[in-house]
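Peer 1: Quick one, what's the 3D model for this:
(chains A, B, C, D and E)
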Amino acid sequence: MKIGIADTTFARVDMAAEAIDALRSATVELSRYTVPGMKDLPAASVRLLREQGCDLVIALGWVGGKDIDERCAHEANIGLIMAEVQEGKHILKVFFHESEAPGDERRQAEIALDRARKHALNALLLRDGTGLTPFAGQGRRQGYPDAGAIEVRP
Amino acid sequence: MKIGIADTTFARVDMAAEAIDALRSATVELSRYTVPGMKDLPAASVRLLREQGCDLVIALGWVGGKDIDERCAHEANIGLIMAEVQEGKHILKVFFHESEAPGDERRQAEIALDRARKHALNALLLRDGTGLTPFAGQGRRQGYPDAGAIEVRP
Amino acid sequence: MKIGIADTTFARVDMAAEAIDALRSATVELSRYTVPGMKDLPAASVRLLREQGCDLVIALGWVGGKDIDERCAHEANIGLIMAEVQEGKHILKVFFHESEAPGDERRQAEIALDRARKHALNALLLRDGTGLTPFAGQGRRQGYPDAGAIEVRP
Amino acid sequence: MKIGIADTTFARVDMAAEAIDALRSATVELSRYTVPGMKDLPAASVRLLREQGCDLVIALGWVGGKDIDERCAHEANIGLIMAEVQEGKHILKVFFHESEAPGDERRQAEIALDRARKHALNALLLRDGTGLTPFAGQGRRQGYPDAGAIEVRP
Amino acid sequence: MKIGIADTTFARVDMAAEAIDALRSATVELSRYTVPGMKDLPAASVRLLREQGCDLVIALGWVGGKDIDERCAHEANIGLIMAEVQEGKHILKVFFHESEAPGDERRQAEIALDRARKHALNALLLRDGTGLTPFAGQGRRQGYPDAGAIEVRP
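Peer 2: Alright, predicted model coming up:
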């Protein structure tokens, strides 16, 4: 299995290094690809899938605190999903938004890195669609504690 | 007929189990595929259609209560529709939104499971486009009671 | 000429029956395809074009009165246009919105059926792109009276 | 060179006639294609490019004054751009919005026709990408007077 | 390496000249393509990639100060990302928004030109995905001073 890691120079922490660290004991091949900003991630992901033979991509984005940044995040996500549909492969969309912790840089870094790490581990389980089934409907979260499952049959 | 069931670890109830239960007496083959969140459903659906030979996919999503969750739901829906258009096959988009019953977890679970069950039954009828025609214009709803038809010619 | 008619069980009047009635004296072949809701219309339309050999599709949707319904209508329209671009054929997007006559069911039915009927007639004229040219710039409307042309050279 | 002109019956002035008049002394072949509304322009444009052999399309739309009209304009534009990307050819998106001159029909007609005329002339220059380069960064506008270039090096 | 430079007549400064100047000492071939407005950039970019053999495109847009201009920017960005995904090549989306410096033309020009210059330099480094990796997570900005990296491990 070969995993692509796409990241940006716009981000304010090295999310890719964190994802790579999370995968250090797994028997996977890695390929890293750095672009200026999150809207460049779709093209990078397609290139990792098509030209570098990756089976899956982890796309790491950092969303600034302005309205325009949120719109860019929306555009980037649409593009990443387009790429997934076209290529028939997963691109995990791992985005940290400054609006999650406005003005608190330390907390921003924590959430971004936790999310990168957890999604890197998801990537290992995702491949054939059954690895995450034991956790289906369990209210899992990345960047925060899990919400948990709702007890439905008392 | 082979039906794919795509679900998430983000959901807080096991919507896939409910859909599978609704289909237990039907003579269909099932394939389940679990992903982290709803934005991963388009890629999962394409893989179920292309690689696992499914004729139709039921995509089950749980939408959190924040604005960003609603935007993700929008992106996921656009992606699922893109996948349908590209593949020429149906992907039933079964999304529960926490905003439908804010703070009431029991009710949230009820709506989500009712919707999953009813759409699973729709999937059986949908295949050739005529099975649901007897119910056309009847104001049918999933997750809630039917709105019913408006009497137009007194 | 073969025309596909795609409609929904969500709608509260039988828009497809109205469109079919409008076409009863035309020498066209018809194929009807019913889906649960408007977001299922893009896949139905692609199937009518690709698998059932339709030259054009009339896609009939009913949009509920909530914000989420309007967002679904937006997603459905984007999907229908994607399908048109991919297939190089027309899909007439005939949507009634409850917000056009909130709370007045009789009026809702009237607008929806008028729109279905008028767009069915448009379908007959549209095929080669010249049938509607005599009406170009004439401010024609469906569901309402025409706005008419603005007199520009006194 | 063959130019397609796509227009609508929804429009309240004959924008296509104005565009055709602007091109009357140019040595181009023209093909006109009329559809009901602006959301039908993407399919018309694809057909003009694919089936009628046009090198470029001028798509002329009139946007009503309601919120829903603006959303339709957004959907139409997304579709036209999709068509351009798919076909690798230009479709000039010439839309007049009633919100540009609310309630003033004479002014609405003026802006719409000026925009149609100026974009028809742009179409002649656009073809190989170098014809408009002498005007790059000059703040040119269609429907209004030019904004002009900002003097940057005093 | 061949770089395409797509720009507009709508812009109020010559962003392409600035990008070309930034690349003057690099051993790259350049091809310039000018269109009326930013929504024409996706088609221009596809043509630069497909027909003129460019390896990468720098798409330079100027966004006016009205709401409609921002919506056009959104549509243009979606289209550019679609083109990137379809072609599997990068198109750097370099947009200046008048809302960044309302009413201050000199400042508008400064930001637009700085952004064009910096992204032109990014283009040189981006090609294989490793040239920008030394700057990953460093909070780099174009048009403004860098935000810098957050110190995460004290």
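Peer 1: quick one: the helices in chain A?
Peer 2: Ranges of helices within chain A are A:15-22, A:41-50, A:67-87, A:105-126, based on DSSP state H.
Peer 1: Could you dump the ones you listed into CSV with mean neighbour count added?
Peer 2: (Each C-beta comes from the backbone N, C-alpha and C, glycine too.) Converted to CSV, the helices of chain A look like this (neighbours: other CB atoms under 10 Å in any protein chain shown):
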stretch, mean neighbour count
helix A:15-22, 21
helix A:41-50, 26
helix A:67-87, 23
helix A:105-126, 21
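Peer 1: now for those helices, which one comes closest to chain B?
Peer 2: Chain B lies closest, by CB to the nearest CB, to one member of the helices of chain A: helix A:67-87, at 3.6 Å.
Peer 1: Please tell me how far stretch A:145-154 is from the chain's geometric centre.
Peer 2: Averaged C-alpha coordinates place stretch A:145-154 at 25 Å from its chain's average position (CA atoms, centre = their mean, to the nearest Å).
Peer 1: same thing with stretch A:67-75?
Peer 2: Centroid separation for stretch A:67-75 versus its chain: 16 Å, with CA atoms, centre = their mean.
Peer 1: how near is the spatially most central residue of chain A to residue B:54?
Peer 2: In chain A, the centroid-proximal residue (CA atoms, centre = their mean) is residue A:94; its distance is 2.4 Å. From residue A:94 over to residue B:54 the distance is 27 Å, taken as CB to CB, to the nearest Å.
Peer 1: rewinding a little: next up, the contacts around the residue nearest to the centre of chain A.
Peer 2: For residue A:94, the contact set (CB atoms under 8 Å, 6 or more residues apart in numbering or on different chains) comprises A:15, A:19, A:58, A:59, A:60, A:61, A:115, A:116, A:119, A:142.
Peer 1: Residue A:71 contacts residue E:74, correct?
Peer 2: Yes - contact criterion CB atoms under 8 Å: residue A:71 and residue E:74 qualify, at 6.3 Å.
Peer 1: Could you list the low-pLDDT ranges of chain A?
Peer 2: A:153-154 (pLDDT under 70).
Peer 1: Name the residues of it found near chain B, please.
Peer 2: Listed as neighbours of chain B in chain A under the rule CB under 8 Å from any CB of the partner chain: A:74, A:77-78, A:81-82, A:84-86, A:88-93, A:97, A:119, A:122, A:126, A:129-133, A:135-142, A:147-150, A:152.
Peer 1: who's the residue nearest to the centre of chain A bridged to?
Peer 2: On the basis of DSSP bridges, residue A:94 is bridged to residue A:60.
Peer 1: do you know how far the nearest residue to residue A:135 once chain neighbours are set aside is from residue B:15?
Peer 2: In space, and not counting its chain neighbours, residue A:135 is closest to residue B:9: 4.3 Å by CB to CB, 6 or more residues apart in numbering or on different chains. Residue B:9 sits 12 Å away from residue B:15, taking CB to CB as the criterion.
Peer 1: Would you mark the buried spots in stretch A:48-62?
Peer 2: Using 16 or more other CB atoms under 10 Å in any protein chain shown as the test for burial, stretch A:48-62 gives A:48, A:49, A:54, A:55, A:56, A:57, A:58, A:59, A:60, A:61, A:62.
Peer 1: which residues touch the fifth one?
Peer 2: Counting by CB under 8 Å, 6+ apart, residue A:56 makes contact with A:1, A:3, A:4, A:89, A:90, A:91, A:92, A:123, A:126, A:127.
Peer 1: The closest residue in space to it that isn't next to it in sequence: neighbour count?
Peer 2: Residue nearest to residue A:56 in three dimensions, not counting chain neighbours: residue A:90, with 4.9 Å by CB to CB, 6+ apart. Applying other CB atoms under 10 Å in any protein chain shown, we find 26 residues neighbouring residue A:90.
Peer 1: Tell me the backbone dihedrals of residue A:90, please.
Peer 2: Backbone torsions for residue A:90, taken as degrees, to the nearest 10, come to phi -80, psi 140.
Peer 1: Check whether it really touches residue A:59, as I assumed.
Peer 2: No - look at residue A:90 against residue A:59 with CB under 8 Å: they stay out of range, at 10.2 Å.
Peer 1: list residues touching both of those two?
Peer 2: With CB under 8 Å, 6+ apart as the test, residue A:90 and residue A:59 reach no residue in common.
Peer 1: okay, how far is it across stretch A:48-66, tip to tip?
Peer 2: The stretch stretch A:48-66 measures 30 Å between its terminal residues, going by CA to CA, to the nearest Å.
Peer 1: got it, and stretch A:131-151?
Peer 2: 23 Å.
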